[in-house]
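Colleague: Next comes the sequence, and after it the predicted model I'd like to discuss.
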Amino acid sequence: MTKRSSSQRTFPWRYILAGLGLAALVLVWRLLPVEEGLEHLEAWVARMGFVGGIVFGLVYVVAALLFVPGSILTLAAGVVFGLGWGTVVASASATATAAAAFLVTRYLARDRVARLARRHDKFAAIDEAVRNKGWTVVALLRLSPLVPFSLSNYLYGLTAISFWPYLLASWLAMLPGTILYVYLGAAGRAVAGGTRKQSPWEWALLAAGLVATVVVTVVLTRAARKELEKSRVGRKS
């Protein structure tokens, strides 16, 4: 019974869902006239230059603070900006969201968020682990999130961790997942809406890069979960 529940916890459901999201993106692209609209959006972003990235980032932050899933927003960054700039924009936006929600909880809405935290039985364990090991636990939880991204940003503000160690650990630990979802968005755009035919080598590189990104992220996630399990066992003993 224990082994089965453990495998269920480690099964990479979010990556399967990300793959399904990519397939849905391709299907929607094929069935609906979204390519023209996206081309207009890209042209607008290109005309805006650096400001376009800032505008997208502000939309990202506001949406994530309102509990829009960060994975969807990060996929969108890959679709609009491609892998390079998409990673920069999405990483900066996710980090800004983490900072803003943390500060809201710590200085503006602590009591309200505390009432919300009491509904999640895992929060007490998270709070204790962060108190004992600080930024290390935050980094592990970012790699293997026990609670959704948007909610966790608020909950961390209730813990004892200081702002700057929290922010640095969050930024570094969120990078693998950010790169994965941006890559999926960029790959979905390349597959669904390429204006020229991809060569076999380009398809091979695209597939190899996607597989490598997924494998690295899954490995990091499993390693993080193992460390969290060790920490939990140590506390019980």
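Modeller: Ah, there it is.
Colleague: residues contacting residue 64?
Modeller: The contact partners of residue 64, by C-beta atoms under 8 Å, 6 or more residues apart in numbering, come to 70, 73, 93-94, 97, 149-150, 153. Backbone N, C-alpha and C define where each C-beta goes, glycine included.
Colleague: Please identify which of those residues is nearest to residue 143.
Modeller: residue 149 (12.1 Å; C-beta to C-beta).
Colleague: coming back round to it: top of the contacts of residue 64 by number of neighbours, please.
Modeller: Highest neighbour count within these: residue 94, with 28 neighbours (other C-beta atoms under 10 Å).
Colleague: Quick check, pLDDT for that residue.
Modeller: Per-residue pLDDT puts residue 94 at 96.
Colleague: Tell me who's in contact with it.
Modeller: By C-beta under 8 Å, 6+ apart, residue 94 lies in contact with 60, 64, 70, 74, 149, 174, 178.
Colleague: Output the residues you listed in TSV, with secondary structure appended to each entry.
Modeller: Converted to TSV, the contacts of residue 94 look like this (DSSP: H, G, I helix; E, B strand; the rest coil):
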residue	secondary structure
60	helix
64	helix
70	helix
74	helix
149	helix
174	helix
178	helix
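Colleague: And residue 125, how far from residue 132?
Modeller: Note on residue 125: its distance to residue 132, by C-beta to C-beta, to the nearest Å, is 11 Å.
Colleague: more crowded one of those two?
Modeller: Regarding residue 125 and residue 132, a neighbour count based on other C-beta under 10 Å identifies residue 125 as having more, with 16 against 13.
Colleague: Helix or strand next in line after whichever strand or helix holds the more buried one, which one?
Modeller: Following DSSP states H and E, one finds residue 125 within helix 123-133. Downstream of helix 123-133, the next assigned helix or strand under DSSP H and E is helix 135-143.
Colleague: other SSEs contacting that next one?
Modeller: helix 123-133, helix 163-193, helix 200-236 (3 or more C-beta pairs under 8 Å, 6 or more residues apart in numbering; DSSP states H and E).
Colleague: cutoff 10 Å now
Modeller: If contacts are counted by 3 or more C-beta pairs under 10 Å, 6 or more residues apart in numbering; DSSP states H and E, helix 135-143 sits against helix 70-107, helix 123-133, helix 149-156, helix 163-193, helix 200-236.
Colleague: ok, and the closest non-adjacent residue to residue 68?
Modeller: Sequence neighbours aside, residue 150 is the residue nearest to residue 68 in space, at 7.3 Å (criterion: C-beta to C-beta, 6 or more residues apart in numbering).
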